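1. Just a sequence and a predicted model for now, questions to come.
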Amino acid sequence: MTPVLPVCRACDQPITDPDDAVCLGHEMGSSGPGWDLWAHRAHAHLVGPDPDATRILARVLAAKALWRA
Ligand SMILES: [Zn+2]
């Protein structure tokens with residue numbers, strides 16, 4: 001079985017050098033265990049927070065603010 005190379009979250013290119021790989025965390029899957037997020041060492045700072053999680057958090061905070069008004 002061929003090992004699967006991690007793919008950089010910032011540039012979508014495979015990370016061929018294990019020393020150049022930075023694990024950014026774990027993303028949950030909707031129907032499975034999820035997967036680890038990787039980036040090249042030089043690209044790790046380019047990866048922002050999960051846009052879906054940010055959008056959901058913004059909606060929750062807006063609803064809370066309106067509820068109190
Ligand atoms: Zn990259």
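-> Cool, the structure landed.
2. Please make it C-alpha for all contacts and neighbour counts, starting now.
-> OK.
3. Quick one: name the residues of the chain near the ion.
-> 8, 11, 40, 43 (C-alpha under 5 Å from the ion).
4. let's see it at 6 Å
-> 8, 10-11, 13, 39-40, 43 (C-alpha under 6 Å from the ion).
5. The residues you listed: which two are farthest apart?
-> Using C-alpha to C-alpha, the two most remote members of the residues of the chain next to the ion are 13 and 43, lying 10.9 Å apart.
6. So for these two, which residue has more residues nearby?
-> Neighbour comparison, residue 13 and residue 43: the larger count goes to residue 43, with 16 against 13 (by other C-alpha atoms under 10 Å).
7. Now do the contacts for the more buried one.
-> Neighbouring residues of residue 43 by C-alpha atoms under 8 Å, 6 or more residues apart in numbering: 8, 10-11.
8. will you turn the residues you listed into CSV that also has neighbour count, distance to residue 68 and pLDDT?
-> Rendered in CSV, the data for the contacts of residue 43 read as follows (neighbours: other C-alpha atoms under 10 Å; distance: C-alpha to C-alpha, whole Å; pLDDT from 0 to 100):
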residue, neighbour count, distance to residue 68, pLDDT
8, 21, 42, 95
10, 16, 39, 93
11, 12, 42, 95
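9. just the CA coordinates of stretch 38-48, formatted as CSV?
-> Provided in CSV are the C-alpha atoms of stretch 38-48 (Å, rounded to 0.1, in the frame of the first residue of the first chain):
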residue,chain,number,x,y,z
TRP,A,38,-1.3,19.9,7.0
ALA,A,39,0.6,22.8,5.5
HIS,A,40,4.1,23.5,4.3
ARG,A,41,6.2,25.1,7.0
ALA,A,42,6.4,28.3,4.9
HIS,A,43,2.6,28.3,4.3
ALA,A,44,1.3,27.5,7.8
HIS,A,45,0.8,31.2,8.6
LEU,A,46,-1.4,31.6,5.5
VAL,A,47,-4.1,29.2,6.6
GLY,A,48,-6.9,31.0,8.5
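10. With that, I have no additional questions.
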